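Q: everything below, folded, please.
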Amino acid sequence: MEVRESACKSALSASTLPGLTYSLNPYRGCQHNCAYCYAPCVLRTPREQWGRVVEVKTNIPLVLAKELRAKKPGVVGLSTVTDPYQPLERTYGLTRACLSHLASSEFPAHIQTKSSLVTRDIDLLTTCKDAQVMMSIGTLDDGERRLLEPVASPIPDRLDALKKLGEAGVSISIFFGPVYPTIAVEDIPHILEVFQESGVSELWIDKLNLKPGIWENLQHTLKQDRWRQQVFAHNIMEDKEYYPLLRQAILKEANERKMLVIDAF
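A: Below you'll find the predicted structure:
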């Protein structure tokens, strides 16, 4: 993998995502290399480079510190395009440095990640104003995770991270998305039970959306698993009732469990 160090001119960008005022992305590109990732479309990055080239904005903590003094307080989303806790964060610590500035400001931090590394920063998250960590989990099958999210943390590690964060008093939630198309309606009660056992009572849900290039990349990745390739193709491309029925099952089960659901289907 190629790492490119760069200097950024700005740190905070206006965000149109629900609940966020600003977005903050210390890295451009992501080592997690999820096969269904939409970020290459957003960043207009050739998909063949995705997961192979990461730009590291080495000066972003200093730029952020200046902007926090000048901008109107609002919720900061870390990261809205690439994972703030991808493996390079262990080396560079840019997310932690940015969090240290947010912790001494009136800007709440909202983190979305697939990495258990987030627990390293519990000390800062507990001092941030209204900090929240949302863990992305699209399946409980770690074999599928290894296939489609090869560098992201194992699913058990993500669930354990949520427990640790919740026990420390950090607000936690799960982004159940994209819901893997191998999941059946009858799997939903068990999945939500596991989510609840991690201490989560808020759930964001979304289907697998086929932005340009995603289906082709999925086919390439799934060619080593013929069964999953056929299931994905059928439930995404052919069965128009698959996701609507799955959505209804999630909403029904979540309601019975008194879980708050933010529906992005």
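
Q: run a quick neighbour tally on Ala131.
A: Neighbour count for Ala131, taken as other CB atoms under 10 Å: 25. C-beta coordinates here come from the backbone N, C-alpha and C atoms, glycine included.

Q: my read is that it contacts Gly169, right?
A: No - Ala131 lies out of contact with Gly169 (CB atoms under 8 Å); the separation is 9.6 Å.

Q: how much space separates Glu100 from Val231?
A: That one is not Glu; residue 100 is Ser. 44 Å (CB to CB, to the nearest Å).

Q: let me know the average pLDDT across the helix or strand harbouring Arg96.
A: For Arg96, the host element (DSSP states H and E) is helix 94-103. In this model, helix 94-103 carries a mean pLDDT of 97.

Q: which strands and helices lie in contact with it?
A: Contacts defined by 3 or more CB pairs under 8 Å, 6 or more residues apart in numbering; DSSP states H and E place helix 94-103 against helix 60-70, strand 76-78, strand 109-113, helix 122-125.

Q: which one of those lies closest to Pro244?
A: Comparison of these against Pro244 by CB to CB identifies strand 109-113 as nearest, at 25.2 Å.

Q: show me what the closest one is packed against.
A: strand 76-78, helix 94-103, strand 132-136.

Q: mind checking which of the ones you listed is nearest Arg28?
A: helix 94-103 (11.5 Å).

Q: show residues contacting the closest one.
A: When contacts are defined by CB atoms under 8 Å, 6 or more residues apart in numbering, helix 94-103 is touched by residues 11, 24, 26-27, 56-58, 60-61, 64-65, 68, 76, 78-79, 84-85, 89, 108-109, 120-121, 124-125, 127-128.

Q: also stretch 252-260?
A: Contacts of stretch 252-260 (CB under 8 Å, 6+ apart): Ile188, Pro189, Leu192, Glu193, Phe195, Gln196, Val200, Ser201, Glu202, Leu203, Val261.

Q: ChimeraX command for the buried members of these?
A: Per 16 or more other CB atoms under 10 Å, the buried members of the contacts of stretch 252-260 correspond to this ChimeraX selection:
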select :188,192,195,196,200,202,203,261
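
Q: what's the closest of the contacts of stretch 252-260 to Ser115?
A: Distances from Ser115 to the contacts of stretch 252-260, taken by CB to CB, are shortest for Val200, at 16.7 Å.
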